[in-house]
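Q: Give me coordinates for this.
(chains A and B)
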Protein chains: 2
Amino acid sequence: MEISTRTLFIGIDGGGSGCRARLADVDGRILGHGEAGSAAVRLGVEHALAAVDAAARAALRDAGFSPDALARTHAVAGLAGIGRKSVLAELEAHRTAFASVAWFNDAIIACVGAHGDRDGGIVIAGTGSVGLALQGGREIRVGGYGFPISDEGSGADLGLRAIRSALRAHDGRIAATNLTRAVMARFGGDPFEAVAFADNATATDYAKFAPLVMDHAEAGDPVACMAVAHAAAEIESLATRLAARGVRRIALLGGLATRLTAWLSGDMQHLFVPAEGDAIDGALALARRYASEFCTRRRGGAE
Amino acid sequence: MEISTRTLFIGIDGGGSGCRARLADVDGRILGHGEAGSAAVRLGVEHALAAVDAAARAALRDAGFSPDALARTHAVAGLAGIGRKSVLAELEAHRTAFASVAWFNDAIIACVGAHGDRDGGIVIAGTGSVGLALQGGREIRVGGYGFPISDEGSGADLGLRAIRSALRAHDGRIAATNLTRAVMARFGGDPFEAVAFADNATATDYAKFAPLVMDHAEAGDPVACMAVAHAAAEIESLATRLAARGVRRIALLGGLATRLTAWLSGDMQHLFVPAEGDAIDGALALARRYASEFCTRRRGGAE
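A: Numbering: from 1, shown residues only, chains lettered A, B, ... in the order given. Purely as a prediction, here's the structure:
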């Protein structure tokens, strides 16, 4: 198979909360969009594959193509959790309906989306956190090994800190504030409701408290300010470490990025640049790059 | 039913790692011991009840009694996690083979065991942590709402800190030390092995790193020292809070208690007293107290 005018490219961003796909033609025109549920590999490789397939089929349908067009579509998918042991091998062992498919960690496609072909890094401050750069053909990674063992400064981390503080205030170990009262109110004032919450809480559940913490920090609540200042310092330390490895452009991404920016010290501001494109743009750019490679090397995907 | 020379008492300590029972006669003579698996209510009330029953039957067997003797045995069981919502009501709704049974949080029986009839408190530094006192007929509780939202200074907390530091050192965010290298070695030097660990790790799994952290702290490792000093300060703050509520005698209990003592500031030393007895002693003392109450009020248990 060669790249022809009928060749399609699809970029897929498979995060923890949902999977989004964008379909383009050889000239880079966007033809359609598709969405599906979470493609996080933590939920299982089969599950992730099904979400990617569903998002891709939705994008083809949106563009007016039949599912047969998958066979002339070169795909790149960035999935949350691909760093996990053996997951990449498992994904690559599966046949898919695509002409070719290459799998990446979702942070990689976000980095390519942010900087295109240039060297650069990203720091994500969302439900999780991670620093990642593509620099001189090498991948540099800092943190992002998941909550609670890593992901410092993330929404989950911020939520956990707020709950810990609320329970301390409940016991009288620290002074109660509007934030600690608001958090306890979510548990009906009963610490054992917090126990029940924690029994099954995921990082996403903890991160649901992050906007509340940001609101109270912006209103000057001392416990919230301390938590957010701590998170900002952690996020900044991811950027500092990338800078120490030679990274000169860093895009700050993720749901907390905008609100955290005000809390960063000025020291790193000269490194921060706006992202040129999003993670799906990155996946599409990689799909183009890998498709030409595939057409000579037959790398991955269906035969 | 009245208390007679044939009446038996059993104290049961149902912690997260196992359930231990001790059988005594009306004169307080210990007649037998029994053990069973975890009776933590986190694993389900039915599971906890089965563990309590198995430990009690083992103690009767050890004392040479048939299982029929359960019907003349007054029991008190302290179970890990009884503070959880509705658990106490669920336990009390079940019929058991005992003449009577009363259920308590495992920290309560430990506190009664430590101080007998006197007012006093305990601070537990084990897999989890909690401060609890029985003071003037009231229960005072500080912390102990579980890992990771609470249980500051516990073995699980110490383990989590060590893993977080090890991953930071792996990324070059902090200097590596013997401790961070030893932790990474447990993950084969691969941070994604730590990710895989964290996917399923319980507080008990995190706490397995605590002895390693203590070893390195005692050898002067800076990262380990910082983690242990932090844990000691947290444990001390539980005691400080109890003292602020009027508690004048505190027993420091749990697997980390002895090793952490060296790391406590001198300020609280005058409050710390050795425990008079263990948690099963406390449960037995309560069994005696509740049995006489039961024989007038028919409180709980079989009819």
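Q: so what's the closest residue to A:L91 other than its chain neighbours bridging to?
A: Using CB to CB, 6 or more residues apart in numbering or on different chains and skipping residues adjacent in sequence, the residue nearest A:L91 is A:W103, 4.8 Å away. (Each C-beta comes from the backbone N, C-alpha and C, glycine too.) Counting by DSSP bridges, A:W103 forms beta bridges with A:A77.
Q: ok, A:W103 - contacts?
A: Neighbour list for A:W103: A:V76, A:A77, A:G78, A:L79, A:I82, A:L88, A:L91, A:E92, A:G300 [criterion: CB atoms under 8 Å, 6 or more residues apart in numbering or on different chains].
Q: Please list only the buried members of the residues you listed.
A: Among those, those classed as buried by neighbour count (16 or more other CB atoms under 10 Å in any protein chain shown) are A:V76, A:A77, A:G78, A:L79, A:I82, A:L88, A:L91, A:G300.
Q: pLDDT wise, what is the last one at?
A: If I follow you right, that is A:G300. pLDDT for A:G300: 44.
Q: for chain A, what's the longest helix?
A: Counting residues, the longest helix found in chain A (DSSP state H) is helix A:222-244.
Q: avg pLDDT for the helix or strand following that one?
A: For helix A:222-244, the succeeding helix or strand toward the C-terminus, using DSSP states H and E, is strand A:250-253. Across strand A:250-253, the average pLDDT comes to 97.
Q: cool, and stretch A:119-136?
A: On average, stretch A:119-136 scores 96.
Q: what are the phi and psi angles of the residue of chain A most remote from its centre?
A: Most distant residue from the mean C-alpha position of chain A: A:G172, 37.5 Å away (CA atoms, centre = their mean). Dihedral angles phi and psi of A:G172 (degrees, to the nearest 10) take the values phi 80, psi 20.
Q: Retrieve the pLDDT associated with it.
A: 94.
Q: other SSEs contacting the longest helix of chain A?
A: For helix A:222-244, the packing partners by 3 or more CB pairs under 8 Å, 6 or more residues apart in numbering or on different chains; DSSP states H and E come out as strand A:120-125, strand A:129-135, strand A:138-142, helix A:155-170, helix A:178-186, helix A:210-218, strand A:250-253, helix A:257-261.
Q: Switch those over to JSON lines; also include distance to B:A176.
A: Converted to JSON lines, those look like this (distance: least, CB to CB, whole Å):
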{"stretch": "strand A:120-125", "distance to B:A176": "22"}
{"stretch": "strand A:129-135", "distance to B:A176": "18"}
{"stretch": "strand A:138-142", "distance to B:A176": "15"}
{"stretch": "helix A:155-170", "distance to B:A176": "23"}
{"stretch": "helix A:178-186", "distance to B:A176": "36"}
{"stretch": "helix A:210-218", "distance to B:A176": "31"}
{"stretch": "strand A:250-253", "distance to B:A176": "24"}
{"stretch": "helix A:257-261", "distance to B:A176": "28"}
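Q: hey, which of these is tucked in deepest?
A: Highest mean neighbour count among the helices and strands packed on helix A:222-244 (mean count of other CB atoms under 10 Å in any protein chain shown): strand A:120-125, with a mean of 30.
Q: Now do that one: everything it contacts.
A: A:107, A:110-111, A:114-115, A:129-135, A:140, A:144, A:153-155, A:231, A:235, A:238-239, A:242, A:247-257, A:260, A:273, A:275.
Q: Specify the angle between it and helix A:222-244 in degrees.
A: Orientation check (axes from the mean of the first three to the mean of the last three CA atoms, to 10 degrees): strand A:120-125 against helix A:222-244 gives 160 degrees.
Q: mind checking which helix or strand A:E293 is in?
A: Here A:E293 is assigned to helix A:279-297, by DSSP H and E.
Q: Next, the buried residues of that helix.
A: A:279-291, A:294-295.
Q: Whether the helix or strand containing A:L49 contacts chain B - can you check?
A: Element membership for A:L49 (DSSP H and E) is helix A:45-62. No: shown here: helix A:45-62 not in contact with chain B (CB under 8 Å from any CB of the partner chain), separated by at least 13.8 Å.
Q: In CSV, list the C-alpha atoms belonging to that helix.
A: Extracted C-alpha coordinates of helix A:45-62, given in CSV (Å, rounded to 0.1, in the frame of the first residue of the first chain):
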residue,chain,number,x,y,z
VAL,A,45,-5.9,-3.3,26.8
GLU,A,46,-9.1,-4.8,25.2
HIS,A,47,-11.1,-1.9,26.7
ALA,A,48,-8.7,0.7,25.3
LEU,A,49,-8.7,-0.9,21.9
ALA,A,50,-12.5,-0.9,21.8
ALA,A,51,-12.6,2.8,22.7
VAL,A,52,-10.0,3.7,20.0
ASP,A,53,-11.9,1.7,17.4
ALA,A,54,-15.3,3.3,18.4
ALA,A,55,-13.8,6.8,18.3
ALA,A,56,-12.3,6.1,14.9
ARG,A,57,-15.5,4.7,13.4
ALA,A,58,-17.4,7.7,14.8
ALA,A,59,-15.0,10.1,13.0
LEU,A,60,-15.3,8.1,9.7
ARG,A,61,-19.1,8.2,10.0
ASP,A,62,-18.9,12.0,10.8
